[in-house]
Each structure stands twice: as C-alpha cells, then as structure tokens.
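[1] Predicted coordinates and the sequence they were generated for:
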Amino acid sequence: MRGSWVIAVAAAALVTGCGHGGRPAAVPSADASPRLTVTSAAYPDDGTVPRRHTCDGADVSPPLAFTAVPAGTASLALLLRDFDAPRGPFTHWLVWNIDPHTRQLSAGERPRGAAEGRNDFGGTGYGGPCPPRGNRPHHYVLTVYALDRRLSLAPDASAAGLLRALSGHTLATGTLTGRYSR
C-alpha cells in the first residue's frame, strides 16, 4: 500500500507541474536518489497530524528531525503538499536554502537564513492541514531534499518554481506523510 501511495504522489507531481512549452516540469524522482530520513516527534509516518499543527489549532509547523543527510550537501529544501486536495496538489509550505547542517527544527521554527516561498493559501510560511469538512483524511506529504547547491529563487517562488530548481541538483530525499480530516 505504501509503495503504491509513493507512486501515486510522484505521478501526481509529474502530471501537475508545467515546464516550458506546456511540457511537464522536471520533478526530482524519489526513487532516483538516496534516502534521508525525516521524522517528527508530533506524529509517525502515515500518522494523524495533531490538531495543534492544523488550521483548527495553533497552525504551527511540527517539530522535524533529519538524519542520513549525505556528505557534500550544500543546502536543504522542504516542500509540504496535500495531494488529495479537490483541485489538485495544494502547497502548504515551501522552504529552501536551509543550512545543510540543520538536523532538527522545533515546532513553529522558521529555519534561520532560509527562504520561504508562496504557499497556496496566498502567503509565505507554514499553513497547516485544512481539508474541507467531511472529506476523507487527506495525506500531507512533507519532502526534504538534500541539494548540491544553494538555490536562487524569487522570494515569492511557487512549488512549481522550486521543483524546477531542484531538478538535477538533488542528492537525496526523504518524506514524512501525515493524515488529517475535519
């Protein structure tokens, strides 16, 4: 089941991203690069996201920990998306140029020196899970990318822009999936 979910997420990311001339954007393949590990003390992988980290609570990002970050990593990037959203993938958080030595972020912590892009709520920073009431639980996939360079993106970059910039520069990836319903 977990493997099919990863394939579905990768396929959805490939289909929804647009590159130049209407071609799909290059999406880093989760299977093509080594794995790093992303965990949270707030919930296990495929567990329920606590209310505190959602629009129904304090709406603060969960605590995160990263391990197995490869040597030679120049920066980290983070992308949190809901692939069950009614109108296609919905971006909740995107951050890049995180210091490569970062191994944890506290709840609500904005990575020092990193840039945050435009989420699909129309702002920057973290926007927690907030699915339509009555929907089945949505899956929120947080992906961390280890990169071979720092990224030069506009401050209001979108997920599509971040994914294009990651192409060809991803050394390793790791995911943490949380579920939430209202």
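    That came through fine. Numbering: from 1, shown residues only.

[2] Quick one: residues contacting the most centrally placed residue in the chain.
    Using C-alpha atoms, centre = their mean, the residue of the chain that lies closest to the mean C-alpha position is residue 79, 2.0 Å off. Contacts of residue 79 were listed using C-beta atoms under 8 Å, 6 or more residues apart in numbering, and they are 91, 93, 94, 142, 143, 145, 159, 162, 163. For every residue, glycine as well, the C-beta is placed using N, CA and C.

[3] now swap in residue 90 and tell me
    81, 82, 120.

[4] Most neighbours among these, please name it.
    residue 81 (25 neighbours; other C-beta atoms under 10 Å).

[5] Wait, that residue touches residue 119, no?
    No. Residue 81 is beyond contact range of residue 119, at 9.6 Å (criterion: C-beta atoms under 8 Å).

[6] Quickly list what's touching both of those two.
    The contact lists of residue 81 and residue 119 share 91, 92, where a contact means C-beta under 8 Å, 6+ apart.

[7] and the gap between residue 87 and residue 129?
    16 Å (C-beta to C-beta, to the nearest Å).

[8] Between the two, tell me which one has more neighbours.
    residue 129 (26 against 6).

[9] Show the contacting residues for the closest residue in space to that one that isn't next to it in sequence.
    Using C-beta to C-beta, 6 or more residues apart in numbering and skipping the chain neighbours, the partner closest in space to residue 129 is residue 180 (3.9 Å). Contact analysis of residue 180 by C-beta under 8 Å, 6+ apart lists 48, 49, 54, 129, 131, 137, 138, 140.

[10] mind putting the residues you listed in TSV, distance to residue 40 included?
    Shown next, in TSV, are the contacts of residue 180 (distance: C-beta to C-beta, whole Å):
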residue	distance to residue 40
48	12
49	9
54	14
129	13
131	19
137	17
138	17
140	11
